[in-house]
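K.L.:
Quick one: sequence plus predicted model below, questions after.
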Amino acid sequence: MSFPKDRPRRLRLTPGIRRMVRETSLSVDDLIYPMFVVEGNGAKETVESMPGVFRFSADVLVKEAREVADLGIPAVLLFGIPDEKDPEGSSAYKRSGVVQVAVKTLKDALPDLVVITDVCLCEYTDHGHCGLIKNRGEVDNDATLELLARTALSHVRAGADMVAPSDMMDGRVGRIREALDESGYINVPIMSYAAKYCSNFYGPFREAAESAPQFGDRKSYQMDPPNVREAVREVVMDIGEGADIVMVKPALAYLDVISLVRDLVDCPVAAYNVSGEYSMVKAAAEKGWINESAVMMELLTSIKRAGADLILTYFAPDAARLIRKGEGF
Ligand code: PBG
């Protein structure tokens with residue numbers, strides 16, 4: 001009778017040994033919490049397709065963000081939903097715009113919380129595209145760059161610690177870097193949505209942010225899901241233009257991209273666990289088909305294992321609570 005000598009199970013038999021040999025652990029420090037902000041006062045609006053996610057006015061946002069900070073989460077990412085939309089998305093770069101006011105209010109109240117702003121036009125344009133529209137309905141790359149740079153600069157002037165362009169126009173990281181540097185903000189980092197795919201998993205977000213395109217789709221600027229070499233090209237280009245952190249988005253259907261990018265670059269890699277990924281877990285849990293918190297921890301840990309240093313996720317507060325109780329991996 002011969003017995004196997006190599007027995008991986010020896011190192012799985014007790015919780016203590018499992019803890020010792022665990023290769024990946026999710027930390028509260030890895031989390032970034034995306035939050036939606038609306039104009040006005042006293043607002044806390046539900047988002048039907050994203051249970052547990054709300055749209056807050058700046059005053060309420062501060063209270064919520066304080067809880068986020070108290071959980072040890074280092075950063076939030078802000079999305080603005082303005083009252084007024086127009087073809088040029090002009091409320092995106094207004095000094096008194098919804099995000100600008102929210103950033104200032106947040107930084108005054110919670111100076112240590114890292115406030116990152118999403119830089120894009122789609123929540124601000126009446127047509128819902130991420131850039132300016134030319135006559136024939138095309139998105140005009142180069143004319144959009146100027147508006148993105150103005151938007152980023154206005155966020156930083158309001159006090160944002162970092163800007164995150166999510167529009168996918170070519171050259172926007174370089175143009176934003178130039179605009180920030182020219183105004184003296186040489187130390188404000190850019191987290192670029194470098195490999196952002198044209199994904200169907202953004203559906204619930206577009207309800208939350210009222211940013212669905214009114215015609216056509218985003219296929220001419222966001223990446224084609226079957227491609228991976230193109231992700232390398234986008235990442236290398238953004239770093240060359242001055243990106244400090246590069247992001248892969250979405251996360252779960254793109255773990256191979258996260259892993260590849262992690263091997264390729266030296267800068268921090270972020271991954272966005274997007275709205276559809278969140279809502280699927282919520283919906284299945286509501287039906288009683290999965291254990292929500294266990295599935296959440298497994299998914300977030302998998303994103304980390306794939307190579308993400310930072311994870312943007314609507315689960316951030318729930319995950320932080322579990323990690324603090326020692327109930328993570
Ligand atoms: C704006 C933007 C989107 C998301 C982040 N920034 C939507 C889109 O590109 O259509 C998606 C986030 C999510 O689904 O959670 N361009």
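P.N.:
Now that the structure is in, tell me what you want to look at.

K.L.:
wait, what's in contact with residue 270?
P.N.:
Neighbouring residues of residue 270 by Cβ atoms under 8 Å, 6 or more residues apart in numbering: 32, 191, 245-248, 308-312. The way it works is simple: take the backbone N, C-alpha and C, and place the C-beta from them, glycine included.

K.L.:
Assign residue 32 to helix, strand or coil.
P.N.:
strand (DSSP: H, G, I helix; E, B strand; the rest coil).

K.L.:
how many neighbours does it have?
P.N.:
Using other Cβ atoms under 10 Å, residue 32 has 23 neighbouring residues.

K.L.:
What residues are bridge-paired with it?
P.N.:
In this entry, residue 32 is beta-bridged to residue 75, residue 312, by DSSP bridges.

K.L.:
which is the next helix or strand following the biggest helix by length in the chain?
P.N.:
When the chain is parsed with DSSP state H, its longest helix is helix 141-158. Of the helices and strands lying after helix 141-158 in sequence (DSSP states H and E), the nearest is strand 162-165.

K.L.:
Quick check: mean pLDDT of that following strand?
P.N.:
Averaging pLDDT along strand 162-165 yields 98.

K.L.:
quick one: contacts of it?
P.N.:
75, 77, 114-120, 148, 152, 155-156, 172-173, 176, 180, 188-193, 244, 247.

K.L.:
Repeat that for stretch 92-106.
P.N.:
Contacts for stretch 92-106 (Cβ under 8 Å, 6+ apart): 37-39, 58-59, 61-62, 65, 76, 78-83, 91, 113, 115, 117, 120-121, 123-124, 147, 150-151, 153-155, 157-160.

K.L.:
Please list which of the contacts of strand 162-165 are also close to the ligand.
P.N.:
Intersecting these with the surroundings of the ligand, defined as Cβ under 6 Å from any ligand atom, gives 118, 120.

K.L.:
Filter the contacts of strand 162-165 down to the ones in helices?
P.N.:
Members of the contacts of strand 162-165 lying in helices (criterion: DSSP H): 148, 152, 155-156, 172-173, 176, 180.

K.L.:
Helices of this protein, start to end?
P.N.:
Ranges of helices in the chain, per DSSP H, are 15-21, 58-70, 98-109, 141-158, 172-182, 203-209, 229-241, 255-264, 275-286, 292-306, 316-324.

K.L.:
now these as a markdown table including mean pLDDT and mean neighbour count?
P.N.:
Converted to a markdown table, the helices of the chain look like this (pLDDT from 0 to 100; neighbours: other Cβ atoms under 10 Å):
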| stretch | mean pLDDT | mean neighbour count |
| --- | --- | --- |
| helix 15-21 | 96 | 10 |
| helix 58-70 | 98 | 17 |
| helix 98-109 | 98 | 22 |
| helix 141-158 | 98 | 21 |
| helix 172-182 | 98 | 20 |
| helix 203-209 | 92 | 20 |
| helix 229-241 | 98 | 17 |
| helix 255-264 | 98 | 19 |
| helix 275-286 | 98 | 19 |
| helix 292-306 | 98 | 19 |
| helix 316-324 | 98 | 20 |
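
K.L.:
Now for the spatially closest residue to residue 291 that is not a sequence neighbour: which residues touch it?
P.N.:
Using Cβ to Cβ, 6 or more residues apart in numbering and skipping the chain neighbours, the partner closest in space to residue 291 is residue 285 (7.4 Å). Counting by Cβ under 8 Å, 6+ apart, residue 285 touches 291-292, 295.

K.L.:
So which bits of the stretch 1-150 of the chain are right by the ligand?
P.N.:
Proximity of the stretch 1-150 of the chain to the ligand, by Cβ under 6 Å from any ligand atom, involves residues 118, 120, 122, 130.

K.L.:
mind running it again at 5 Å?
P.N.:
Neighbours of the ligand within the stretch 1-150 of the chain, by Cβ under 5 Å from any ligand atom: 120, 122.

K.L.:
Smallest distance to the ligand belongs to which residue of the stretch 1-150 of the chain?
P.N.:
Using Cβ to the nearest ligand atom, residue 120 is the residue of the stretch 1-150 of the chain that sits closest to the ligand, at 4.0 Å.

K.L.:
Alpha carbons only: can I get stretch 65-77 in CSV?
P.N.:
Taking C-alpha atoms only, stretch 65-77 is exported to CSV below (Å, rounded to 0.1, in the frame of the first residue of the first chain):
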residue,chain,number,x,y,z
ALA,A,65,-18.9,59.7,4.8
ARG,A,66,-18.0,60.2,8.5
GLU,A,67,-19.3,56.6,9.1
VAL,A,68,-17.3,55.4,6.2
ALA,A,69,-14.1,57.1,7.6
ASP,A,70,-14.9,55.7,11.1
LEU,A,71,-14.8,52.2,9.6
GLY,A,72,-11.2,52.9,8.5
ILE,A,73,-12.0,53.2,4.8
PRO,A,74,-9.4,55.6,3.5
ALA,A,75,-11.1,57.1,0.4
VAL,A,76,-14.4,57.8,-1.3
LEU,A,77,-15.0,58.4,-5.0
